[in-house]
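*Asks:* My questions concern the predicted model and sequence given below.
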Amino acid sequence: MASDEVYRASTYAPVNIAVIKYWGKRDPKLNLPTNSSLSVTLSQDDLRTHTTASCSSSTPHDSLILNGHDQDISGARTQACLHDLRQHRQQLESSDPSLPKLSTMKLKLVSENNFPTAAGLASSAAGFAALVRAIADLYALPLTPTQLSRIARQGSGSACRSLMGGYVAWEKGTAADGSDSVAYEVAPAHHWLEMRALILVASAAKKDVSSTAGMQQTVASSSLFEKRVDEVVPKRMKAMEKAVQERDFEAFARLSMKDSNNFHACCLDTDPPIFYMNDTSRCAVRLCEAINSHHETQSGKAGAICAYTFDAGPNAVVYYLADNEQAVAGLFKGILQGKEGWEGKRGGSVKEKEDRGVLEGMEVAVEGLKKGVSRIILTGVGDGPQKTEEHLC
Ligand SMILES: Nc1ncnc2c1ncn2[C@@H]1O[C@H](COP(=O)(O)OP(=O)(O)OP(=O)(O)O)[C@@H](O)[C@H]1O
Ligand SMILES: C[C@@](O)(CCOP(=O)(O)OP(=O)(O)O)CC(=O)O
């Protein structure tokens, strides 16, 4: 008689926000990128996906419940992840016949994101990283995070960077089968633990052009994009790795802001043009620039203390170091006090600052932020996926 034992494994997985952006596919089917990218993994104390993978001989069909709602998992991307994971399990089962035949059972996946899904907060990155990690744990696969990144990449490109903590690069690779298109750790979180991120949520609504569709249009129509892929990104990847290794915030900040602007310029150069940043985003840029130039004037030397970056949406992510919390987060708190997100341990310790020197001539930007930002999220660099015994099913 078949046993109806239920097997399960659960994990938490983080969001990552790139500072050298992935934009463009050279092979849409295998989800292979046109350029390498580099991101910061954010702390799971603030933003995370929690996923349980379970199976038993009586599980009727493969399913995924996300935030309480049934999801369609028949898409090629999710299917590619499930197929590869099952194949790895099958290899284990054929080399050790005493193992239960989990590869033949259907999977029940239950997942919860503690942040808005599909709002440009990298939910697909944390979501697919959690899905792959939870199933790999359920199947007891002896694969490294880099090996798992090859699988997660097929679900969503940016997901491959959420399988590791700290500072993570995704090497674009050159092999036609995608075998060398994987993520690797540039430095663990503790190497530069002082990194903080303030997220200004300018819209929690679903975006009108998905990343997947947008980047395809850019590849097909932007001539600026060719230069980005051939020259701009390869140079910046090297410089950004060095900035992280040397904990050089000035270089990290300048490269982040330039790369975000270059990516959004390519979006504007797309036919028809794609607009992810909005008026609120531009107000955030203006304020960051003002904070940096005020700091430089005061200190008498070059040195950015904050860096903005924008993904495929209007939300600003502002990176800064803990030592500059008052000068950066404190200034934003002075403007955005009363908005959701400042309460709690991280936000509570930030003192509101009204720096007339920085804010002089910034009335339009200040008003724009007050009007356009709905909530803030304060976080910092964090670790990779964490196994948990807290199961969702
Ligand atoms: N926890 C999860 N488990 C599995 N899949 C998820 C999970 N969360 C999100 N997804 C998938 O990711 C999709 C959202 O991805 P999308 O790229 O549109 O938005 P985003 O990731 O928030 O933004 P971006 O990647 O542009 O920063 C969801 O519709 C769902 O298919
Ligand atoms: C702007 C970005 O956030 C784009 C992310 O794109 P996705 O990883 O969501 O795209 P797909 O591979 O098509 O799922 C930049 C980045 O995270 O590097």
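*Replies:* On my side now, so go ahead. Ligands and ions are numbered 1, 2, ... in the order given.
*Asks:* can we go C-alpha only for contacts and neighbour counts from here?
*Replies:* Fine.
*Asks:* who's in contact with the residue in the stretch 251-393 of the chain positioned nearest to ligand 2?
*Replies:* The nearest approach of the stretch 251-393 of the chain to ligand 2 comes at Asp311, 4.0 Å away (C-alpha to the nearest ligand atom). Neighbouring residues of Asp311 by C-alpha atoms under 8 Å, 6 or more residues apart in numbering: 17-18, 21, 120, 260, 276.
*Asks:* Ok, Lys106 next?
*Replies:* 55-57, 59-62.
*Asks:* Just the buried ones out of those, please.
*Replies:* 55-57 (16 or more other C-alpha atoms under 10 Å).
*Asks:* out of those residues, who's nearest ligand 2?
*Replies:* Distance to ligand 2 across the buried ones among the contacts of Lys106 (C-alpha to the nearest ligand atom) is lowest for Cys55, with 26.2 Å.
*Asks:* now the closest one, what's its secondary structure?
*Replies:* Assigned by DSSP: H, G, I helix; E, B strand; the rest coil, the conformation of Cys55 is strand.
*Asks:* all helices of this protein, in order?
*Replies:* Ranges of helices within the chain are 76-95, 123-138, 145-155, 211-221, 224-227, 233-245, 249-268, 279-299, 325, 331-336, 344-348, 356-359, 363-372, based on DSSP state H.
*Asks:* For the longest one, list the C-alpha coordinates in CSV.
*Replies:* Taking only C-alpha atoms (Å, rounded to 0.1, in the frame of the first residue of the first chain), the coordinates of helix 279-299 have been written out as CSV:
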residue,chain,number,x,y,z
ASP,A,279,7.4,62.9,-11.5
THR,A,280,7.8,61.6,-8.0
SER,A,281,10.9,59.5,-9.1
ARG,A,282,12.4,62.7,-10.5
CYS,A,283,11.8,64.6,-7.3
ALA,A,284,13.7,61.8,-5.5
VAL,A,285,16.6,62.2,-7.9
ARG,A,286,16.7,65.9,-7.4
LEU,A,287,16.8,65.5,-3.6
CYS,A,288,19.5,62.9,-3.7
GLU,A,289,21.6,65.2,-5.9
ALA,A,290,21.0,68.1,-3.5
ILE,A,291,22.1,66.0,-0.5
ASN,A,292,25.3,64.9,-2.3
SER,A,293,26.3,68.4,-3.5
HIS,A,294,25.5,69.9,-0.1
HIS,A,295,27.6,67.3,1.6
GLU,A,296,30.5,68.0,-0.8
THR,A,297,30.3,71.7,-0.3
GLN,A,298,30.3,71.3,3.5
SER,A,299,33.1,68.7,3.6
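*Asks:* Neighbours of His88, how many?
*Replies:* 17 (other C-alpha atoms under 10 Å).
*Asks:* these two touch, right, it and Leu141?
*Replies:* Yes: taking contacts as C-alpha atoms under 8 Å, His88 lies within contact range of Leu141: 7.0 Å.
*Asks:* Save the helices of the chain as TSV, and put in mean pLDDT and distance to ligand 1 too.
*Replies:* Converted to TSV, the helices of the chain look like this (pLDDT from 0 to 100; distance: least, C-alpha to the nearest ligand atom, whole Å):
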stretch	mean pLDDT	distance to ligand 1
helix 76-95	98	8
helix 123-138	97	3
helix 145-155	98	8
helix 211-221	97	5
helix 224-227	98	18
helix 233-245	98	19
helix 249-268	98	13
helix 279-299	96	15
helix 325	97	25
helix 331-336	97	23
helix 344-348	89	23
helix 356-359	91	30
helix 363-372	97	19
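*Asks:* Got the domain ranges for this protein?
*Replies:* Per automatic domain parsing, the domain ranges recorded for the chain read 7-188, 195-380.
*Asks:* Of the ones you listed, which stretch is the most buried?
*Replies:* domain 7-188 (a mean of 21; mean count of other C-alpha atoms under 10 Å).
*Asks:* Now the terminal residues of that one, how far apart.
*Replies:* End-to-end span of domain 7-188 (C-alpha to C-alpha, to the nearest Å): 32 Å.
*Asks:* what about that domain and ligand 2, touching?
*Replies:* Yes: using C-alpha under 6 Å from any ligand atom, domain 7-188 reaches ligand 2 at 17-18, 21-23, 37, 156-158.
*Asks:* Same check on stretch 264-279?
*Replies:* No: Stretch 264-279 is not in contact with ligand 2 by C-alpha under 6 Å from any ligand atom; minimum separation 9.1 Å.
*Asks:* Now do that stretch: distance to the chain's middle.
*Replies:* The chain centre lies 20 Å from the centre of stretch 264-279; the measure is C-alpha atoms, centre = their mean, to the nearest Å.
*Asks:* Let the chain start at 31 from now.
*Replies:* Yep, numbering from 31; the last one is stretch 294-309 now.
*Asks:* List of residues touching that stretch?
*Replies:* Outside stretch 294-309, the residues within contact range by C-alpha under 8 Å, 6+ apart are 239, 244, 247-248, 251-255, 340-345, 398.
*Asks:* let's see 6 Å
*Replies:* Contact with stretch 294-309 is made by 248, 251-252, 254-255, 342-344, as judged by C-alpha atoms under 6 Å, 6 or more residues apart in numbering.
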